[in-house]
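**Student:** 3D model of this:
(chains A and B)
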Number of protein chains: 2
Amino acid sequence: MPSALILIADGTEEMEFTISYDTLVRAGVETTSAFVPDKSEVVSERTTSPPFAKGSRGINIMPDTYFDPADCGPEKYDLLVIPGGAKGAETMSKDHSVQKLVRDYLKHDKFVGMICAGSLAASTSKLPKQPLTSHPSVKSHLEKDFDYSEEPVVVSGHLVTSRGPGTAFPFALTLVELLCGADVRAKVRKPMVFPSGTPF
Amino acid sequence: MPSALILIADGTEEMEFTISYDTLVRAGVETTSAFVPDKSEVVSERTTSPPFAKGSRGINIMPDTYFDPADCGPEKYDLLVIPGGAKGAETMSKDHSVQKLVRDYLKHDKFVGMICAGSLAASTSKLPKQPLTSHPSVKSHLEKDFDYSEEPVVVSGHLVTSRGPGTAFPFALTLVELLCGADVRAKVRKPMVFPSGTPF
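**Tutor:** A predicted model of the protein is given here:
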């Protein structure tokens, strides 16, 4: 059974996190969320032992585990997902352990998914120039170093990028297809009951 | 500022909950989640004082508060939302206090949103026959007592019903439009970056 690690931090966009996690679980992917602390924050009881992640719109989500780089590598998971939400994506993309993981996953032909401001991690991880998309609000930080696209989902080798909450379903379904095949994608998609005419 | 109460229980579909909550917050709606305990469950420490709701696909969400019918009425909130997820929707729809709230909100011309299996609450609350939709899996429980529709979102007076995770965005945006107007709907929708051709 394929497996996925989804990072979460204070300020993560909770729709992007939840749609990715839930859709992967529906596909039978063993999915784990890991809390990445904001290292720039003054250490308090909450940040040293956080009981939950504070989502960007106020939903508090309990992570499955806390981010331990030594236990999060490509030998353990087939997919690493970095969701958006400005503050959460900043915490993840500036974290050197996350940057190293992004490079390690791609080096070992495992998948990395980034959505919304999460795509900033492609830049901070110094990935080579390749097709990529992101939320329009961070386009200016990425368009010089990447072949910037405005497609809803961009697959570049094992790097999968997407734009925002409105593209989170096609992003998650693309990850399902890459890990489990087109049949599983179709099987997961049907009971979600998308409106007719939905373009994914 | 309009206000909304979104119920959550063990087994709530976390995408439907999160998309509704997050979208309403983006629209400036003061949004509160309240945990409805499963009264049929054997009382344990967790159920008497639950630290979080266990989502249908394993995401644990911390509610803002615990469901107290006396503090959840139409004099306090403009909108009551009942999300799906089979087990969560069963807990809510069988709860007599929830059923009374549904009737009270509609009686006072406040909005009630139900999505997926959440629409079962229309039946258990004994609402009069009117247009309604739900997840296809519970259609057979509703089609006799309602004018069953397969539209993604059905607005019947102050009752708004919808189908599943795939219709959660148009459901939430419709609630935003009803509470805040079409301009706010458009303003909230744009930065979500839906793929071109999205039919809502």
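**Student:** in the strand or helix carrying A:L101, what's buried?
**Tutor:** In this structure, A:L101 is located in helix A:96-107 according to DSSP states H and E. The neighbour-count criterion (16 or more other CB atoms under 10 Å in any protein chain shown) identifies A:V98, A:Q99, A:L101, A:V102, A:D104, A:Y105, A:L106 as the buried residues of helix A:96-107. C-beta here means a position set from N, CA and C on the backbone, and glycine is covered the same way.
**Student:** what's the following helix or strand after the helix or strand of chain A with the lowest mean pLDDT?
**Tutor:** Sorted by mean pLDDT, DSSP states H and E, the helices and strands of chain A end with helix A:45-48, the least confident at a mean of 48. Using DSSP H and E, the next helix or strand after helix A:45-48 towards the C-terminus is strand A:53-54.
**Student:** contacts for the next helix or strand after that following strand?
**Tutor:** The element immediately downstream of strand A:53-54 (helix or strand, assigned by DSSP H and E) is strand A:60-62. By CB atoms under 8 Å, 6 or more residues apart in numbering or on different chains, the residues outside strand A:60-62 that reach it are A:8, A:12, A:14, A:17-18, A:33, A:51-55, B:51-52, B:59-62.
**Student:** Of these, keep whichever come out buried.
**Tutor:** Looks like those have A:8, A:12, A:14, A:17-18, A:33, A:52-55, B:52, B:59-62 buried, using 16+ other CB under 10 Å.
**Student:** Can you list the residue ranges for helices in chain A?
**Tutor:** Chain-ordered helices for chain A, with DSSP state H as the definition, fall at A:14-26, A:45-48, A:86-94, A:96-107, A:120-124, A:168-180, A:182-189.
**Student:** ok so, going back, which neighbouring elements make contact with the helix holding A:L101?
**Tutor:** Contacts defined by 3 or more CB pairs under 8 Å, 6 or more residues apart in numbering or on different chains; DSSP states H and E place helix A:96-107 against strand A:79-82, strand A:111-115, helix A:120-124.
**Student:** Could you see whether chain B lies near stretch A:20-40?
**Tutor:** Yes: using CB under 8 Å from any CB of the partner chain, we find that stretch A:20-40 touches chain B at A:Y21, A:D22, A:T23, A:V25, A:R26, A:T31, A:S33.
**Student:** Could you dump those into CSV and include distance to B:P2 and pLDDT?
**Tutor:** Compiled in CSV, the residues of stretch A:20-40 next to chain B are given as follows (distance: CB to CB, whole Å; pLDDT from 0 to 100):
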residue, distance to B:P2, pLDDT
A:Y21, 29, 98
A:D22, 27, 98
A:T23, 30, 98
A:V25, 33, 98
A:R26, 32, 98
A:T31, 35, 98
A:S33, 32, 97
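**Student:** Quick check, A:V112 in contact with A:H158.
**Tutor:** Yes: taking CB atoms under 8 Å as the contact criterion, A:V112 and A:H158 are neighbours in contact, 6.4 Å apart.
**Student:** joint contacts of these two?
**Tutor:** Overlap between the neighbourhoods of A:V112 and A:H158 consists of A:Y105, A:L106, taking contacts as CB under 8 Å, 6+ apart.
**Student:** More neighbours: the two, which one.
**Tutor:** A:V112 (25 against 19; other CB atoms under 10 Å in any protein chain shown).
**Student:** Let me know the distance separating the more buried one from chain B.
**Tutor:** Taking CB to the nearest CB, to the nearest Å as the criterion, A:V112 is separated from chain B by 20 Å.
**Student:** beta partners for that residue?
**Tutor:** Per DSSP bridges, the residues bridged to A:V112 are A:L80, A:L159.
**Student:** Read off the pLDDT value for it.
**Tutor:** Looking at A:V112, its pLDDT stands at 98.
**Student:** Pretty sure A:L106 sits against A:L127.
**Tutor:** Yes: with contact defined as CB under 8 Å, A:L106 counts as touching A:L127 (7.2 Å).
**Student:** Return every residue with contacts to both of the two.
**Tutor:** Between them, A:L106 and A:L127 share the neighbouring residues A:L159, with contact defined by CB under 8 Å, 6+ apart.
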